[in-house]
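Q: okay, structure incoming, though there's no sequence with it:
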């Protein structure tokens, strides 16, 4: 298994509070991604990073920000959580974007916003 | 609109039987097609990746096929085991030059019963 650790694994919080999810990798891969998974939808990309301090938006980035200060860590922040952000969040890593390399996924963070 | 559609949504089979899962896509330009297995409560795990020029690829008891002309793929599972119970996700990579975009299907939920 690829060395990807997501924390926390479960979190319950209230609307309007800030939330930060952490993804830590031990593979030294350049690319890191944050996805959300909701019933009836395929995984959807929130943000991704192609290097330290290099990030870009995905298709569902509104309400989320990210930071990557070290190769191994990629943080996802919900500045003011809303109930629509209740979801399972997955971090993924890959060596390359265009060489048909697989993305390796962490085991997810289940976030509930009440 | 680029889409990935999977069928059936869910499937129940008896241990030891074979099954085939379908994936149709409208993604263009095409880069590659991936199949992932996602166990309950875990992140997706890559099974196969196929490029335009590959029409079949195996990973143990899993065999994926690709018909790029009709934009269809299938995942065949041979001699199913209880551990095959999972969601199987078809993912198509849209070619984007420097970065590709992954478009995820909603998955087929497979239950293997003893």
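A: Everything's here; your move. This one's a predicted model, so the numbers in the text were calculated from it and none came from an experiment.
Q: going forward, measure contacts between C-alpha atoms and count neighbours the same way
A: OK.
Q: so where does residue 5 fall, helix or strand?
A: Here I'm looking at chain A. For residue A:5, the host element (DSSP states H and E) is strand A:4-7.
Q: wrong chain, I was asking about chain B
A: Judged by DSSP H and E, residue B:5 forms part of strand B:4-7.
Q: now do the buried residues in that strand.
A: Neighbour counts over strand B:4-7 (16 or more other CA atoms under 10 Å in any protein chain shown) mark B:4, B:5, B:6, B:7 as buried.
Q: distance between that strand and the chain's centre?
A: In terms of CA atoms, centre = their mean, to the nearest Å, the centre of strand B:4-7 is set 9 Å apart from its chain centre.
Q: and that strand, which strands flank it?
A: strand B:19-25 (antiparallel) (DSSP bridges).
Q: pLDDT of the strand holding residue B:5, averaged?
A: The pLDDT scores in strand B:4-7 average 96.
Q: same check on stretch A:31-49?
A: Here the average pLDDT along stretch A:31-49 is 94.
Q: do stretch A:12-19 as well
A: The model assigns stretch A:12-19 a mean pLDDT of 96.
Q: next one: that stretch to chain centre, how far?
A: With CA atoms, centre = their mean, you get 17 Å for stretch A:12-19.
Q: report the buried residues of that stretch.
A: Using 16+ other CA under 10 Å as the test for burial, stretch A:12-19 gives A:13, A:19.
Q: quick one: name the residues of chain A near chain B.
A: Applying CA under 8 Å from any CA of the partner chain, we find that chain A lies next to chain B at A:40-44, A:90, A:97-98, A:100, A:102-108.
Q: which of the residues you listed tops the neighbour count?
A: residue A:108 (29 neighbours; other CA atoms under 10 Å in any protein chain shown).
Q: which stretch of helix or strand covers the closest residue to it other than its chain neighbours?
A: Nearest non-adjacent residue to residue A:108, counting by CA to CA, 6 or more residues apart in numbering or on different chains: residue A:90, 4.5 Å away. Here residue A:90 sits within strand A:87-94, counting by DSSP H and E.
Q: now do the strands in chain A.
A: Counting by DSSP state E, the segments of chain A that form strands are A:4-7, A:10-13, A:19-25, A:31-37, A:44-51, A:54-57, A:64-70, A:73-78, A:87-94, A:104-105, A:109-113.
Q: do chain B as well
A: Assigned by DSSP E, the strands in chain B fall at B:4-7, B:10-14, B:19-25, B:30-38, B:45-51, B:56-59, B:62-67, B:72-77, B:86-94, B:101-104, B:108-113.
Q: which of those has the lowest average pLDDT?
A: Note on these: strand B:101-104 shows the lowest mean pLDDT, a mean of 90.
Q: elements contacting that strand?
A: With contacts taken as 3 or more CA pairs under 8 Å, 6 or more residues apart in numbering or on different chains; DSSP states H and E, strand B:101-104 sits against strand B:86-94.
Q: run the angle between the strand it packs on and strand B:108-113 for me.
A: Interaxial angle of strand B:86-94 relative to strand B:108-113 (axes from the mean of the first three to the mean of the last three CA atoms, to 10 degrees): 150 degrees.
Q: what's strand B:86-94 in contact with?
A: Contact with strand B:86-94 is made by B:4, B:6, B:23, B:25, B:27-40, B:100-111, as judged by CA atoms under 8 Å, 6 or more residues apart in numbering or on different chains.
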